[in-house]
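J.: Quick one, structure for this:
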Amino acid sequence: MIQRIQSVYLFLITALMAVLVIMTYNEKWWLPLVFVLLGIASLVAVFLYKNRKRQMWVVRIFLFAIIIVLTHNFYINWQSDFHPKRVVAVIGLVCVVSGILAMLALRAIRKDEKLVRSLDRLR
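T.: Below is the predicted model of the structure:
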């Protein structure tokens, strides 16, 4: 479980989501909640290592949610004067890094699934 690279990626995503929860604590009530749920989703994905298809499904949902958060962050908050611009930029940067890590995790999960399927053909 831990020795797989996608587990490392997913743990890093969980840590980044925790940072975003701390950064957005004083924001709108739903924004930290979204980051908490995304952190929990990435942590749950780590423990779905026996069911790779479900693990890929959770990571895809995570990617979709990150895209929605990025869209909200840049197109709605960037225009308002409520947030300092650097906070919005840091939130966006962390979301982009989390998205990249999720894509790397998805790629590693697919690679594992392909390996298992090839080994099943040999039996």
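J.: Look through this structure and tell me its longest helix.
T.: helix 85-122 (DSSP state H).
J.: for that one, the distance to its chain's centre please.
T.: Averaging C-alpha positions (Cα atoms, centre = their mean, to the nearest Å) puts helix 85-122 8 Å from its chain's average.
J.: Ok, stretch 23-32 next?
T.: For stretch 23-32, the distance to the chain centre is 17 Å (Cα atoms, centre = their mean).
J.: Stretch 64-76 now?
T.: On Cα atoms, centre = their mean, the centre of stretch 64-76 falls 13 Å from the chain's centre.
J.: buried stuff in that stretch?
T.: Neighbour-count burial for stretch 64-76 flags 65, 66, 69, 70, 73 (criterion: 16 or more other Cβ atoms under 10 Å). All C-beta atoms are positioned from the backbone trio N, CA, C, and that covers glycine.
J.: Let's have these in a markdown table, adding secondary structure, distance to residue 89 and pLDDT.
T.: Output for the buried residues of stretch 64-76, formatted as a markdown table (DSSP: H, G, I helix; E, B strand; the rest coil; distance: Cβ to Cβ, whole Å; pLDDT from 0 to 100):
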| residue | secondary structure | distance to residue 89 | pLDDT |
| --- | --- | --- | --- |
| 65 | helix | 20 | 91 |
| 66 | helix | 16 | 90 |
| 69 | helix | 14 | 83 |
| 70 | helix | 12 | 81 |
| 73 | helix | 9 | 72 |
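J.: Rebuild those as JSON lines, extending it with distance to residue 56.
T.: Shown next, in JSON lines, are those (distance: Cβ to Cβ, whole Å):
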{"residue": "65", "distance to residue 56": "15"}
{"residue": "66", "distance to residue 56": "15"}
{"residue": "69", "distance to residue 56": "20"}
{"residue": "70", "distance to residue 56": "21"}
{"residue": "73", "distance to residue 56": "25"}
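J.: Which residue is the nearest non-sequential neighbour of residue 92?
T.: Leaving out its chain neighbours, the residue that sits closest to residue 92 by Cβ to Cβ, 6 or more residues apart in numbering is residue 73, at 5.2 Å.
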